[in-house]
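> from the sequence below, what's the structure:
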Amino acid sequence: MRGILSRMAIFKNHPYAGFNFTVTVDGAQPAAFSTVVLPTVEIDVVEYRDGNDRTSQPRQVVGLTKYTNLVLKRGVASSPDLWAWFDAVRQGSIDRRDIAVVLLNEERSPVLFWRLRRCLPIKYVGPTLNAGSSDVAIEEMELAVEGLDIEQV
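The predicted structure is shown next:
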C-alpha cells in the first residue's frame, strides 16, 4: 500500500499560473519568451459505410491528427537566434527542431512538459515600432508542428 501511495499524484485544488514557464529549443539553454501559444490538436473523423451494412448510419473511423502552429513571442534583444533559424529555412535548409515548453509551479519547479516534435519555422513577425509609445518591441515566430506529447512530472 505504501508503494501505491508514493506513486500517486499530489492533489492540488487550484490551477497553476500560466506565467511561470520555460521554452527550450532542441537542447539549447532555456529561452525567455513573453507568450507561448501551444497548438490545438484535432483528430479528423472519417465516415465510412459498407454497401452491405444493415444500418444506414456510417461508422465513425479515426482519421488524421492535425496540429495548429506553435506561436512564440518575445521582446527583441541582442540574440538573433530565432531569425537565424528562420532565415536558414528560408534559404532552403530543412532544419526541424524539437521544442520543450515546461510549466513551473510557484516554487519554479517543473510540473508539466509539452514536447513538440519536428518544429519548423514558417512565419516571422517583426516588432511594431512606434516613437509615441513605450511598448516593448516584440517579435513573433510561428512554427509548424509534427507531433505533441504531454508529460506530467
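
> what residues does the lengthiest helix in the chain touch?
Identified as the longest helix of the chain according to DSSP state H is helix 81-90. Residues from elsewhere that reach helix 81-90 (Cβ atoms under 8 Å, 6 or more residues apart in numbering): Val25, Ala31, Leu72, Arg74, Asp95, Arg97, Leu120, Pro121, Ile122, Tyr124, Glu139, Met141. The way it works is simple: take the backbone N, C-alpha and C, and place the C-beta from them, glycine included.

> flag the least confident of these.
Lowest in pLDDT among these is Ala31, which has 86.

> now do the contacts for that residue.
Contacts of Ala31 by Cβ under 8 Å, 6+ apart are Thr22, Val23, Thr24, Val25, Arg74, Asp81.

> same thing but 10 Å
With contact taken as Cβ atoms under 10 Å, 6 or more residues apart in numbering, Ala31 is in contact with Thr22, Val23, Thr24, Val25, Leu72, Arg74, Ala77, Ser79, Asp81, Leu82, Ile99.

> burial count for the fourth one?
By other Cβ atoms under 10 Å, the residues close to Val25 number 20.

> tell me what it is bridged to.
With DSSP bridges as the criterion, Val25 is bridged to Ile99.

> I'd assumed Leu72 was in contact with it.
Yes. If you go by Cβ atoms under 10 Å, Val25 and Leu72 touch, sitting 8.8 Å apart.

> okay, and the common contacts of the two?
Here Val25 and Leu72 share the contacting residues Ala31, Leu82, Ile99, Cys119, Met141, Leu143, scored by Cβ under 10 Å, 6+ apart.

> Serialize the residues you listed to JSON lines and add fields for distance to Ala88.
As requested, the shared contacts of Val25 and Leu72 are exported to JSON lines (distance: Cβ to Cβ, whole Å):
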{"residue": "Ala31", "distance to Ala88": "17"}
{"residue": "Leu82", "distance to Ala88": "11"}
{"residue": "Ile99", "distance to Ala88": "16"}
{"residue": "Cys119", "distance to Ala88": "14"}
{"residue": "Met141", "distance to Ala88": "13"}
{"residue": "Leu143", "distance to Ala88": "14"}
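
> now do the buried residues in the longest strand along the chain.
The longest strand of the chain (DSSP state E) is strand 110-125. Using 16 or more other Cβ atoms under 10 Å as the test for burial, strand 110-125 gives Pro110, Val111, Trp114, Leu116, Cys119, Leu120, Pro121, Tyr124.
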